[in-house]
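A.B. asks: Structure for the following, please:
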Amino acid sequence: MTAHIGIVACSAEGAALCYRTVCVEGAALLGPHAHPEVSMHTHPLADYMECIDRGDWQGVADLMLSSANKLAAIGADFLICPDNTIHQAMPRVAPRSPLPWLHIADAVVAKAVERGFRRLAVMGTRWLVDSEVYPDKLAARGLAAVRPGMAERDEINRIIMDELVYGVFKPESVAAFQRIIARMQREEGCDAVVLGCTEIPLIIDDSNSVLPTLDSTRLLARAALARAVAPT
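C.D. replies: Sure, this is the predicted structure:
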């Protein structure tokens, strides 16, 4: 008997990749075409952005909890959120949640420790990169988080919000990520890069990055699979 995974989604492309990973990779654990039961709920991204733009993290938490309550009502056993940015609201969410959550940064940091990385470039929206979501989690395990420069953050944010969340993938945007990652390896001494927006893995991976990548989307999905099939 596997557990029922509830996905609290925010942006469509990242949530879709997470869902697809659970379903496709579930077969390796459970047999052909098999995967745990999965349910997803999302409010419009516009509702989240209205809160984020005014710095209303309680409003973000309320949206997440609304989804959590809906998923609990239909039988989910635990929750994941394939969106790094809104994890800033997690301290407001967890105490009021009807179900336990897996934290996306915990999945990423666990893999970083396993692979022996020490100094990680953190890529994501400007709200995520400016936050302590990854620095705090990494520091707790003795690892360093390195943020891109301010102009680089603006460029990354523009690509994510104007292109990737809409499923638009441009060669020049891939090149921009590659350039920033290469600079952070060369000038900042980074030994890996956190793909800390769930859409970034759609254009950057180990095949086109000079640094090893930590794919937050798939790592969260794999953590959910492991939790779902673990003996109770």
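
A.B. asks: Going by residue numbers, what spans are strands in this structure?
C.D. replies: 5-9, 38-42, 78-80, 119-123, 144-146, 192-195, 213-215 (DSSP state E).

A.B. asks: Of those strands, flag the one that's most buried.
C.D. replies: Ranked by mean neighbour count, the strands of the chain are led by strand 192-195 with a mean of 27 (mean count of other CB atoms under 10 Å). Backbone N, C-alpha and C define where each C-beta goes, glycine included.

A.B. asks: Which pLDDT value belongs to Ala226?
C.D. replies: Looking at Ala226, its pLDDT stands at 97.

A.B. asks: Same check on Thr232?
C.D. replies: As predicted, Thr232 sits at a pLDDT of 64.

A.B. asks: The chain should start at 675 in everything you say after this.
C.D. replies: Let's use 675 as the start, then, which means that last one is Thr906.

A.B. asks: where does this protein have low pLDDT?
C.D. replies: Counting by pLDDT under 70, the chain has low-confidence residues at 906.

A.B. asks: Tell me where it has helices.
C.D. replies: Using DSSP state H, the helices of the chain run over residues 686-704, 719-727, 731-747, 764-767, 778-789, 800-803, 807-813, 824-836, 845-862, 890-903.

A.B. asks: Can I get those helices in CSV including distance to Pro875 and mean neighbour count?
C.D. replies: Listed next are the helices of the chain as CSV, based on distance: least, CB to CB, whole Å; neighbours: other CB atoms under 10 Å:
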stretch, distance to Pro875, mean neighbour count
helix 686-704, 7, 18
helix 719-727, 18, 15
helix 731-747, 22, 19
helix 764-767, 21, 18
helix 778-789, 12, 20
helix 800-803, 15, 22
helix 807-813, 16, 20
helix 824-836, 12, 17
helix 845-862, 11, 15
helix 890-903, 5, 23
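
A.B. asks: Any idea which of those gets closest to Leu869?
C.D. replies: helix 890-903 (5.6 Å; CB to CB).

A.B. asks: Tell me what angle the closest one forms with strand 793-797.
C.D. replies: Interaxial angle, helix 890-903 versus strand 793-797 (axes from the mean of the first three to the mean of the last three CA atoms, to 10 degrees): 100 degrees.
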